[in-house]
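>>> Provide a 3D model corresponding to the input given below.
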Amino acid sequence: MILTKEKVSEFIEKRKPIFEDWRHTFFLWRRTKLAVIGTIIVFVFVIIAIFGPLFVPYNPLLQNMAERLQPPSFQHFFGTDQFGRDIFSRVISGSMIEVEIILIVSIISGGIGLFLGVIAGYFGKVVDEVLMRATDMFLAFPSLILAMAFAAMLGPSLVNTIIAISLVGWTVFARLARAEAMKVKNQPYIEAIKALGAGKARIITLHVTPMCISPVLVQLTLRMGTVILTAASLGFLGLGVRPPLPEWGAMVSDGRSFLLDQWWISTFPGIAIAVVVLGFNLLGDGLRDIMDPRLRR
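Now for the predicted structure:
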């Protein structure tokens, strides 16, 4: 196909509303300081998680008893733990574990919550009652306590940690998706689509679910910090990732007995948890502000 000036102009004109919307969104993002700061923190965290393990100065799993409990220095930036392992290398390598937990838990819990919420909101009546009462059963318990129960039942491992957190994290997304689906299904264009003969599966898949994704994505971003805290709490209690994997919560737990004299063992993993959680919270708050229709106007 030969591209002419007229075809290029036609292509740009058709997609002009999309370009304008993206430009407006970028303007709002740049104007929202919380979103900018959160984006920078999360971006740096992801880059470190992807490329950091390739450049760590020491093997994060290698024990060296001759250099145990060394304070921070030019040789060991964050010091060493009770087994002589370099804490800086372990913190950097542990970031990849945290990213895996965040991504997989977000996909599983967000997917389950979105699916169940849309089904409950669209069909209503008995389906809605059954699904929402099941959701209420999960919401009746503190999420951390319930995650601890699932983790203890399944056993400590990375996979079981992800499963345990996912099983308690879907309820918030189900509530959000249900509320949005109930609002969308009563819109006039849905009635018009029904009049044209579209089936329920097509309406749910192509017209209701896409309208429910936006609030779920914002809530997912807000909940990513909670996912890290829950994973760290399970690791701290010995119910999460098995040693010697460098999971941040387990690293904080390792330094409990040495906290007064060898403070660096727990401090640096704890700082990493705090900074990343802060980044996700700021990003989520910024996205929520950007999605606010009053701000968009």
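>>> for this protein, longest helix please?
Taking DSSP state H as the criterion, the chain has its longest helix at helix 87-123.
>>> ok and the helix or strand just after it relative to helix 87-123, angle-wise?
Beyond helix 87-123 on the C-terminal side, the first helix or strand identified by DSSP states H and E is helix 125-139. Interaxial angle of helix 125-139 relative to helix 87-123 (axes from the mean of the first three to the mean of the last three C-alpha atoms, to 10 degrees): 150 degrees.
>>> list the buried residues in the next helix-or-strand element following helix 125-139.
Sequence order places helix 143-154 as the next helix or strand after helix 125-139, per DSSP H and E. Neighbour counts over helix 143-154 (16 or more other C-beta atoms under 10 Å) mark Ser143, Leu144, Leu146, Ala147, Met148, Phe150, Ala151 as buried. For glycine as for every other residue, the C-beta is placed from the backbone atoms N, C-alpha and C.
>>> want to try TSV for those, with pLDDT and distance to Arg175 as columns?
Output for the buried residues of helix 143-154, formatted as TSV (pLDDT from 0 to 100; distance: C-beta to C-beta, whole Å):
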residue	pLDDT	distance to Arg175
Ser143	86	13
Leu144	87	19
Leu146	90	16
Ala147	91	18
Met148	91	23
Phe150	91	20
Ala151	90	24
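>>> so which of those residues is the closest to Gly286?
In terms of C-beta to C-beta, no member of these lies closer to Gly286 than Ser143, at 23.9 Å.
>>> what residues are up against the residue nearest to Lys185 when sequence neighbours are not counted?
The spatially closest residue to Lys185, leaving aside those adjacent along the chain, is Tyr122, at 5.3 Å (C-beta to C-beta, 6 or more residues apart in numbering). Counting by C-beta atoms under 8 Å, 6 or more residues apart in numbering, Tyr122 touches Ala181, Met182, Lys185, Lys200, Ile203, Ile204, Val208.
>>> what residue ranges in the chain score low on pLDDT?
1-29, 291-297 (pLDDT under 70).
>>> spatially central residue in it, please.
Central residue of the chain (C-alpha atoms, centre = their mean): Met224, 3.1 Å from the mean position.
>>> what's the helix or strand where that one lies packed up against?
For Met224, the host element (DSSP H and E) is helix 209-236. Packing partners of helix 209-236 (3 or more C-beta pairs under 8 Å, 6 or more residues apart in numbering; DSSP states H and E): helix 87-123, helix 143-154, helix 158-184, helix 248-254, helix 264-291.
>>> quick check, the residue nearest to the centre of the chain in contact with Ser106.
Yes - the pair Met224 / Ser106 is scored as a contact, 6.5 Å apart, by C-beta atoms under 8 Å.
>>> give the contact list for the residue lying closest to Leu167 once chain neighbours are set aside.
Take Leu167 and drop its neighbours on the chain: the residue closest to it by C-beta to C-beta, 6+ apart is Phe150, 5.4 Å away. When contacts are counted by C-beta under 8 Å, 6+ apart, Phe150 touches Asn160, Ile163, Ala164, Leu167, Val168.
>>> which of those has the most neighbours?
Tallying neighbours with other C-beta atoms under 10 Å puts Ala164 at the head of the contacts of Phe150, with 26 neighbours.
>>> relative to Ala147, how far out is it?
Note on Ala164: its distance to Ala147, by C-beta to C-beta, to the nearest Å, is 5 Å.
>>> return every residue with contacts to both of those two.
Joint contacts of Ala164 and Ala147 (C-beta under 8 Å, 6+ apart) are Leu234.
>>> so which of the contacts of Tyr122 is the closest to Ile37?
When these are compared against Ile37 (criterion: C-beta to C-beta), the nearest one is Ala181, at 33.2 Å.
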